[in-house]
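*Asks:* Could you work out the structure for the sequence below:
(2 chains)
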Protein chains: 2
Amino acid sequence: MDPNRIDDPFSFPTILINEQICRQNIHQMAEKARTKQLIFRPHFKTHQSVEVGGWFREEGIDAITVSSVKMADFFSKAGWKDITIAFPVNMREIEEISRHAGKIKLNVLFDVPEQAEALALKLGSPAGYFIKIDVGYHRAGVLPDDFKTIDAIISSAGSELLHFRGFLTHAGQTYTAKSKDEIIKIHGNASEILYRLKQKYIQKYPGIIASTGDTPSCSLAEDFTGIDEIRPGNFVFYDLMQLKLGSCGFSQIAAAVICPVVSVYPDRNEALIFGGAVHLSKESLTNPDGSKNYGLIVPFVDGYWQSPKGNDYLVSLSQEHGIFRTSSQWARSLKPGDQVAVIPVHSCLAANLFRNADC
Amino acid sequence: MDPNRIDDPFSFPTILINEQICRQNIHQMAEKARTKQLIFRPHFKTHQSVEVGGWFREEGIDAITVSSVKMADFFSKAGWKDITIAFPVNMREIEEISRHAGKIKLNVLFDVPEQAEALALKLGSPAGYFIKIDVGYHRAGVLPDDFKTIDAIISSAGSELLHFRGFLTHAGQTYTAKSKDEIIKIHGNASEILYRLKQKYIQKYPGIIASTGDTPSCSLAEDFTGIDEIRPGNFVFYDLMQLKLGSCGFSQIAAAVICPVVSVYPDRNEALIFGGAVHLSKESLTNPDGSKNYGLIVPFVDGYWQSPKGNDYLVSLSQEHGIFRTSSQWARSLKPGDQVAVIPVHSCLAANLFRNADC
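*Replies:* Numbering: from 1, shown residues only, chains lettered A, B, ... in the order given. Sure thing, here's the model as predicted:
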């Protein structure tokens, strides 16, 4: 970043983290895990920050989840020594994975036997592995009743250095659930599937666990029967998507993007901010009328964002342009040069865009 | 980037530019501008690359367009001395803009009088300005018949250092046009609007020009009557969106993201690539059946991507996961560890994500 610009970071789109709220979110989830006697292995892909990582450490956390080998490398250099890469093994990164296994306590994911075979062949140090189970999201994973594939993975991982740690899932279909009840139901179903698999294999593989992870389930569920470990990530900041799902209240949102108001168009009750797809990502929510919502606009006063004043949201985003509807009286009083805060639809993607902020 | 990884850049998602195609795209657009006697001021927000910029320089280009002050700074440091920032003046960056005006031949955009007033007050060196006109895209700009605002901007820009350069538009509604005819019609209408405005003001402000810029219009139109300058950007790489619009053929696409195939799921005719929203952006096209297309999957052989083998496209994207439908026989023969090329929906956003590639 140009040193000339540091004195006014908010002259251009800037992500702002509320440390107090973020620490509260971390504390609450850590406390929930303690109460329910669950291993808490938070996903660090949301914040990708050494500093936020430190706030987890202060809560006693020492085991984490990441979603790429590169991210494992980043956090291992920052002192994290117990890492699960929750993305199926990319066979083109076997050497890199093997190198990390020599340095830290590493767990990887398999969902096809080829991955296990390739890693077993090259591994020079001990590593753990989970079998990824598809509990209905249909993104990655083995179907729960596909014992042929599960057994083939275990058999392909036939190295003394590769240790079977258990079954892992991400019930990502909670992100499109229509109600809290539906989220609880998805969570219950996922828990039952993992528990049944664990019971089937635990005699032969003592110590295996069941690991689940999505933020909606971990935020809303109270019953974690059958589950040993949770790996939520998004809860650290939450966002507009989680607010709409009911996973959090507005006061739990810990990240916003501060943007300058550039132009105001009273004729169409819209305004332009400097804040586009390169700052917020093109993740959107769909309004009841089918139109898109790319972020909620709220006041930014004295360094803090405020509660919404009305239904002021981004109706369109291009590379650097964001157009929002000025529905509230507050929004209609905005002038060029003012600042607003945007509550992002998806904080993981917005935070990622600011990691190497040069936009 | 970790030096250990450089020997196999394609072990993880990597953007690949075909220099020959890219240079051809640059040459063709430069040649078209020469033939039509248009000023060619290409938009550099698509590539944001000093190297690609050099290919424009070899075509004789010395004036460029960017979309942020930061980008103006980046390219001025790379030796570009005639830059239009095609984004309305952000009043919180007046000092930065003023600093640049002292170093290069700078043009800025106004679409509300406040911007002109603020810059006129602080400017210490000459700068040019365009008035941004909204020709129907309704993103930014003054409505063409709003002479009150146009006159207020000119009057607010009452500094001897601020020079009125003309009227500028981006007819971005061509991106959602349904046919080539519709694109040509939008372009014709935009040209006529700018020409009429120019004619109305040129006696008082001799030398003002009409500047337009979207890639679909600049690629497809042959009649540029009334227009003096074009500023397309996306044409340098083109992408799936432009292919669907008919702005380019497949052989003109100059950028693809090379991704490893991680897992294959024959039961559902889908496969997982390491390649997600942090590599491709969440920009999507809508298929006729209402489903989403996040990128086209094609073979990648001996360092080159090939023509599509069928309707193999990304049906969903999360942070690092991309799921594609294996519709062709080729796609169904893919194995974990293979590589594919993804033709991105929107090359500007994909290229931006790789600028500081740490994902």
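*Asks:* What about the closest residue to chain B within the stretch 201-350 of chain A, how many residues nearby?
*Replies:* Relative to chain B, the nearest point of the stretch 201-350 of chain A is A:Gly337 (3.6 Å; C-beta to the nearest C-beta). (Glycine included, C-beta is placed from N, CA and C.) Here the count is done by other C-beta atoms under 10 Å in any protein chain shown, and A:Gly337 has 16 residues near it.
*Asks:* Per-residue pLDDT of the residue nearest to it when sequence neighbours are not counted, please?
*Replies:* If the residues on either side of it in the chain are set aside, A:Gly337 comes closest to B:Met91, at 3.6 Å by C-beta to C-beta, 6 or more residues apart in numbering or on different chains. If you check B:Met91, the pLDDT there is 97.
*Asks:* residues touching B:Met91, list them.
*Replies:* Residues in contact with B:Met91, defined by C-beta atoms under 8 Å, 6 or more residues apart in numbering or on different chains, are A:260, A:262, A:336-337, B:114-115, B:118.
*Asks:* Please tell me how far it sits from B:Gly124.
*Replies:* 17 Å (C-beta to C-beta, to the nearest Å).
*Asks:* How about the contacts made by A:Asp111?
*Replies:* Contact analysis of A:Asp111 by C-beta under 8 Å, 6+ apart lists A:88, A:131-132, A:134, A:140-142, A:153, B:263, B:272.
*Asks:* For it, which non-adjacent residue is closest in space?
*Replies:* With sequence-adjacent residues excluded and distances taken as C-beta to C-beta, 6+ apart, A:Asp111 is closest to A:Lys132, at 4.3 Å.
*Asks:* Domains in chain A, by residue range?
*Replies:* A:19-236, A:254-353 (automatic domain parsing).
*Asks:* From start to finish, how long is the first one in a straight line?
*Replies:* Which is domain A:19-236. Domain A:19-236 has its terminal residues 10 Å apart, counting by C-alpha to C-alpha, to the nearest Å.
*Asks:* Quick check on A:Val257: phi, psi?
*Replies:* phi -110, psi 120 (degrees, to the nearest 10).
*Asks:* what's around it, how many residues?
*Replies:* A:Val257 has 25 neighbouring residues, counting by other C-beta under 10 Å.
*Asks:* And for A:His100?
*Replies:* The burial count for A:His100: 21, using other C-beta under 10 Å.
*Asks:* Would you enumerate the residues in contact with it?
*Replies:* A:69, A:72-73, A:76, A:83, A:106.
*Asks:* could you redo the last one with a cut-off of 7 Å?
*Replies:* Residues near A:His100 by C-beta atoms under 7 Å, 6 or more residues apart in numbering or on different chains: A:72-73, A:76, A:106.
*Asks:* Also near chain B: which of the residues you listed, exactly?
*Replies:* Residues of those in contact with chain B (C-beta under 7 Å from any C-beta of the partner chain): A:Asp73.
*Asks:* from memory A:Val50 sits against A:Ala78, does it?
*Replies:* Yes - A:Val50 lies in contact with A:Ala78 (C-beta atoms under 7 Å); the separation is 4.5 Å.
*Asks:* Restricted to helices, list the contacts of A:Asp111.
*Replies:* Of the positions in the contacts of A:Asp111, A:Ile153 sit in helices, assigned by DSSP state H.
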